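J.: Here's a sequence, model it:
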Amino acid sequence: MEKTKILGFAGSLRKQSFNRALLKAAVELAPGDVEIEVFDLAGIPPFDQDDEFSMPEKVREFKAKIRDADAILIATPEYNYSIPGVLKNAIDWASRPADDNSWEGKPVAIMSASGGMLGGVKAQFHLRQVFVYLNMHALNRPEVVVPHIGQKIDQDGNITDQHTRGKIRELVEALARWSQKINSR
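T.: Coordinates of the predicted model:
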């Protein structure tokens with residue numbers, strides 16, 4: 001049986017991002033039949049519609065990796081009750097030009113972490129709204145929302161909380177199953 005290929009990325013550019021730590025844990029915890037490749041959004045310039053037909057190389061690479069993946073895994077912080085600009089920018093680039101939406105029909109799951117008590121739930125809600133327009137198939141459960149992440153991570157960026165690790169593994173497993181179901185249609 002072929003491995004399920006998941007493309008993961010964080011909606012944060014910060015090297016020690018809590019959400020990058022979630023992705024790191026997802027890679028570690030993925031079952032043997034799942035392969036997660038992590039893509040770094042750093043270097044994607046601000047979207048400019050004047051350039052959509054002559055895209056920067058980093059954007060072309062991102063679009064190719066999206067198309068090659070069976071599913072998408074996004075780890076996002078919440079900025080000002082919504083998704084970070086860097087994440088929205090990357091989503092916009094990959095959806096352009098209008099007849100070349102790389103997200104079309106892709107299964108997708110979200111996880112989020114924050115130092116606060118809500119763990120990024122508003123960012124997840126807004127991201128789901130974007131998925132509707134892009135015709136992506138969002139996995140509804142399990143939800144991975146990690147509040148007070150500073151208490152669940154070590155200085156090397158490893159998630160130490162076993163409950164959180166278990167939920168991340170559940171999410172990856174569920175995304176793989178969801179991907180198989182969606183992609184077999």
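J.: and Ser184, what does it touch?
T.: The contact partners of Ser184, taken as C-beta atoms under 8 Å, 6 or more residues apart in numbering, number zero. All C-beta atoms are positioned from the backbone trio N, CA, C, and that covers glycine.
J.: Let me see the confidence value for it.
T.: As summarised for this prediction, Ser184 has a pLDDT of 90.
J.: And for Met1?
T.: 63.
J.: Show me where this structure has its helices.
T.: Shown for the chain, the helices assigned by DSSP state H span residues 18-29, 57-68, 85-94, 121-134, 162-183.
J.: what's the spacing between the spatially most central residue of the chain and Gln180?
T.: In the chain, the residue lying closest to the centroid (C-alpha atoms, centre = their mean) is Ile74, at 1.0 Å. When distance is defined by C-beta to C-beta, to the nearest Å, Ile74 is 19 Å away from Gln180.
J.: State the phi and psi torsions of Leu118.
T.: Backbone torsions for Leu118, taken as degrees, to the nearest 10, come to phi -100, psi -20.
J.: ok, it - contacts?
T.: Residues in contact with Leu118 (C-beta under 8 Å, 6+ apart) are Glu78, Val145, Pro147.
J.: Counting only strands, which of those make the cut?
T.: In strands, defined here by DSSP state E, the members of those are Val145.
J.: By neighbours, which of the contacts of Leu118 wins?
T.: Ranked by neighbour count under the definition other C-beta atoms under 10 Å, these are headed by Glu78 with 25 neighbours.
J.: Tell me the confidence at it?
T.: In the predicted model, Glu78 carries a pLDDT score of 94.
J.: Would you mind confirming that it is in contact with Gly115?
T.: No: shown here, Glu78 and Gly115 do not form a contact pair, counting by C-beta atoms under 8 Å, at 10.5 Å.
J.: Give me the pLDDT for the residue of the chain most remote from its centre.
T.: Among residues of the chain, the one most distant from the C-alpha centroid is Asp50; the distance is 26.7 Å, by C-alpha atoms, centre = their mean. The predicted local distance difference test score for Asp50 is 94.
J.: any idea how far Ala64 is from it?
T.: Taken as C-beta to C-beta, the spacing of Asp50 relative to Ala64 amounts to 22 Å.
J.: again, but for Ala71
T.: The span separating Ala71 from Ala64 equals 16 Å under the rule C-beta to C-beta.
J.: is it true that the residue nearest to the centre of the chain touches Gly8?
T.: Yes: under the criterion of C-beta under 8 Å, Ile74 makes contact with Gly8 at 7.3 Å.
J.: Give me the neighbour count for His163.
T.: Number of residues near His163 (other C-beta under 10 Å) recorded here: 9.
J.: Return the distance of it relative to Glu57.
T.: When C-beta to C-beta is the yardstick, His163 and Glu57 sit 41 Å from each other.
J.: now swap in Asp68 and tell me
T.: If you measure Asp68 against Glu57 using C-beta to C-beta, the figure is 16 Å.
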